[in-house]
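Enquirer: Any chance you can model this:
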Amino acid sequence: MGDNQNLLAEQRRALILDEVRRRGGVRVNELTRRLMVSDMTIRRDLDALARQGALEKVHGGAVPVAEASTHEPGFEVKSELELTAKEDIARAAAAMAVPGSALALSGGTTTYALARHLLDVPDLTVVTNSVRVADVFHAARRAAGDGRAARPGAATVVLTGGVRTPSDSLVGPVADAAIRSLHFDVLFLGVHGISVEAGLSTPNLAEAETNRRFVGAARRVVVVADHTKWGTVGLSSFASLEQVDTFVTDGGLSAAARAEISERLPGLVVAGEPGADGREGDAEDGGEDPHAAPVAAE
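Expert: Residues are numbered from 1 along each chain as shown. This next block holds a predicted model:
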């Protein structure tokens, strides 16, 4: 019996490792359904594989350890992670969007969730390098009418050109040139990783440069990222923590991380907790009115 159990465990772990390498990441609940074993069994398997150095455990699942700093999972894989947290973050961040303002939304699954919450904010100008974010606004326009005439107050959306990444972001010289001459009231920025040492980072070198352009063009930078991104470091850093005005995250962020962030950033919003209405940090920049007239794009 013991030998059979060991053999089954080895087979199961081989299947898990294959899924991680093939898909770029897996979730515990997916594995429990597919392999028909308990949550605890899967977590023991992941622990064993992590001890062997075969994968890296993350909140809710696992990713390939060999590619930790350079691997970029596809949009579909990332969209299934931390769903509740992303919705909470998106709701809190949307409260920062002032009608009539000029916004930038970077690529990512959290900014994709945010886009849906921005549909009811009137008269926005939205510049994005995310195909998925642009699709949210374009789909809403098609649903509202004949696809030609936008409803009153509907957002004006500009999609940069560029080379498409696994995250469905457009990057490279074309995207950088499109952003260079623009100015935004607020940049909502999704990140692969954020840490004290590395600041904001991504595994994609071209995406790092495009994000750097976004940061340089914004009056205010709002990072939207769930708690699993804190302490993660990608291959290329593109901004320091000092360039971030507000970090919007979820309640899974540890007390120690909250203390570190609060020491370094003007604003920390923990979505889903009392006071997380998206207004914290609005006027920590020397009294500047957050509801001042938007900066026009040149």
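
Enquirer: Just the strands from the stretch 51-200 of the chain, written as ranges.
Expert: Taking DSSP state E, counting those that start in this stretch as the criterion, the stretch 51-200 of the chain carries its strands at 56-58, 61-63, 102-105, 125-128, 156-159, 163-164, 170-171, 184-189, 193-195, 199-202.

Enquirer: Save those as a markdown table, and put in mean neighbour count, distance to residue 235 and mean pLDDT too.
Expert: All C-beta spots, glycine's among them, are computed from the backbone N, C-alpha and C. Shown next, in a markdown table, are the strands of the stretch 51-200 of the chain (neighbours: other Cβ atoms under 10 Å; distance: least, Cβ to Cβ, whole Å; pLDDT from 0 to 100):
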| stretch | mean neighbour count | distance to residue 235 | mean pLDDT |
| --- | --- | --- | --- |
| strand 56-58 | 17 | 15 | 80 |
| strand 61-63 | 23 | 14 | 83 |
| strand 102-105 | 27 | 23 | 98 |
| strand 125-128 | 23 | 23 | 96 |
| strand 156-159 | 18 | 26 | 92 |
| strand 163-164 | 14 | 17 | 90 |
| strand 170-171 | 24 | 14 | 93 |
| strand 184-189 | 26 | 17 | 98 |
| strand 193-195 | 21 | 10 | 90 |
| strand 199-202 | 24 | 7 | 92 |
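
Enquirer: closest one to residue 248 among those?
Expert: Each of the strands of the stretch 51-200 of the chain was scored for nearness to residue 248 using Cβ to Cβ, and the closest is strand 184-189 (8.6 Å).

Enquirer: So what's the gap between stretch 84-96 and the chain middle?
Expert: 11 Å (Cα atoms, centre = their mean, to the nearest Å).

Enquirer: who touches that stretch?
Expert: 109-110, 113-114, 116-118, 121, 186, 188, 222, 224-227, 246, 248-252, 269, 271-272, 276-279, 282, 290 (Cβ atoms under 8 Å, 6 or more residues apart in numbering).
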